[in-house]
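Participant: what's the 3D shape of this:
(one chain, ligands or ions: 1)
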Amino acid sequence: MSTQKRKTEHLDIACNQNVQFREKKTGFEKIGFKEIELEYKTLPEIDKKEIKLETKFLGKKFSAPLLVGAITGGCTEATQINKDIAGACEELGLGMCLGSMRAMLEKPELKETYFVRDVAPNIFLAGNIGAAQLPQYSIEKIEKALKEIKADALAIHLNAAQEALQKEGDTNFKGALKAIAKVSRELSKPVYVKEVGHGISGRIAKELAKTKIKAIDVAGAGGTSWTGIDSLRGNAELGETFWDYGIPTVQSIVECRKAFKGAIVASGGVRTGLDVAKAIALGADIAGIALPVLKAQQTGGKEGVKKYLEKVIEELRIAMFLSGAKNLKELKKIKIANRN
Ligand SMILES: Cc1cc2nc3c(=O)[nH]c(=O)nc-3n(C[C@H](O)[C@H](O)[C@H](O)COP(=O)(O)O)c2cc1C
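Facilitator: Reported below is the predicted structural model:
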């Protein structure tokens, strides 16, 4: 099956079927019987209007610590989806990661489906390639593709669980770490590594820390299930066994934070600004959201995306007010109450 056709199927399944984890949770609510809560200060001693959300990620300014996770590129539908998301991010001062550029690397004429700089000249924009495909491409080819879409960085996705459940999946990951190390060393743009919704362990983060990557996006378990989506395309029985596979987002944030000194992006089932606040208090630097942004785009276009992201930002501001944190530096020091 062509990469283009697969992209269309992914969008169709993600938008029209229930593709989230079933039993396993992110951990933002509970781990076992324990609640994760930010310490509530009913005497916050700050003015909510003065709370500052600005931050920097890989050298670029953000007005709030939020990135729209990789979603699409390479199919007809992608052009409008990417422009609506990018346009909303431009107006809000947020960042965006594009979907896998494999389709464009195979067929350069598909560049238009990724190009968003006409509507979003200033946002942080990352291009995206799978680790399993990475050894096939030269640094020059990747560099040229990033230049064409005017990206600021490259996100390399690790998706072994997804590939294993995909009927035409690429399950040869030999040499992937070496390829990541090479690209992170030789590319002129910063490189970061992300999962796609099944999490990154501390042990893997330790291996990644030996390369020159600048950030890890944990994309943990509890949000969109990619073993789920790809099994619905033809491996339904196997999919049942692996639907909830992976490391919950909260566990992944904590493990990666310990093992890796660079920036941590919290994603995978991040749905509210309260989740974002908890993720930052647990050690993340910014948060990423994918599926709800796609759904908001499908129902309301650019304005729909903007409305959803504005709600997340306001929730984050309220969560910070209630914990007495004036800025993100203070939020990182807020106590997490682990209640039984
Ligand atoms: C329709 C759709 C397509 C996606 N395509 C990609 C992709 O091409 N590359 C990638 O790295 N991640 C991809 N992802 C994964 C997301 O970037 C994200 O890591 C994952 O969905 C977990 O976040 P969520 O629970 O907020 O959706 C995709 C997600 C969705 C919903």
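
Participant: Run a quick neighbour tally on Lys141.
Facilitator: 12 (other CB atoms under 10 Å). For every residue, glycine as well, the C-beta is placed using N, CA and C.

Participant: Please read the previous query as pertaining to Ala78.
Facilitator: Residues near Ala78, counting by other CB under 10 Å, number 23.

Participant: so what's it up against?
Facilitator: Contacts for Ala78 (CB atoms under 8 Å, 6 or more residues apart in numbering) come out as 7, 11, 72, 99, 113-114.

Participant: Mind putting those into a markdown table with secondary structure and pLDDT?
Facilitator: Formatted as a markdown table, the contacts of Ala78 follow (DSSP: H, G, I helix; E, B strand; the rest coil; pLDDT from 0 to 100):
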| residue | secondary structure | pLDDT |
| --- | --- | --- |
| Lys7 | helix | 91 |
| Leu11 | helix | 96 |
| Thr72 | coil | 97 |
| Gly99 | coil | 98 |
| Thr113 | helix | 97 |
| Tyr114 | coil | 98 |
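
Participant: can I get these in TSV with neighbour count?
Facilitator: Formatted as TSV, the contacts of Ala78 follow (neighbours: other CB atoms under 10 Å):
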residue	neighbour count
Lys7	24
Leu11	20
Thr72	25
Gly99	26
Thr113	26
Tyr114	28
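
Participant: just the residues you listed now: which is nearest Thr211?
Facilitator: Set against Thr211, the nearest of those by CB to CB is Gly99 (23.1 Å).

Participant: Is the ligand within reach of stretch 247-261?
Facilitator: No. Against the ligand, stretch 247-261 shows no contacts by CB under 6 Å from any ligand atom, the least distance being 8.3 Å.

Participant: what comes into contact with that stretch?
Facilitator: Counting by CB under 8 Å, 6+ apart, the neighbours of stretch 247-261 from elsewhere in the structure are 24-28, 31, 36, 195, 198-203, 205-206, 208-209, 216, 218-223, 264, 266-270, 278-279, 282-284.

Participant: hmm, back to that, what about the ligand: which of the contacts of Ala78 touch it?
Facilitator: When the contacts of Ala78 are filtered against the ligand using CB under 6 Å from any ligand atom, the residues retained are 11, 72, 99.
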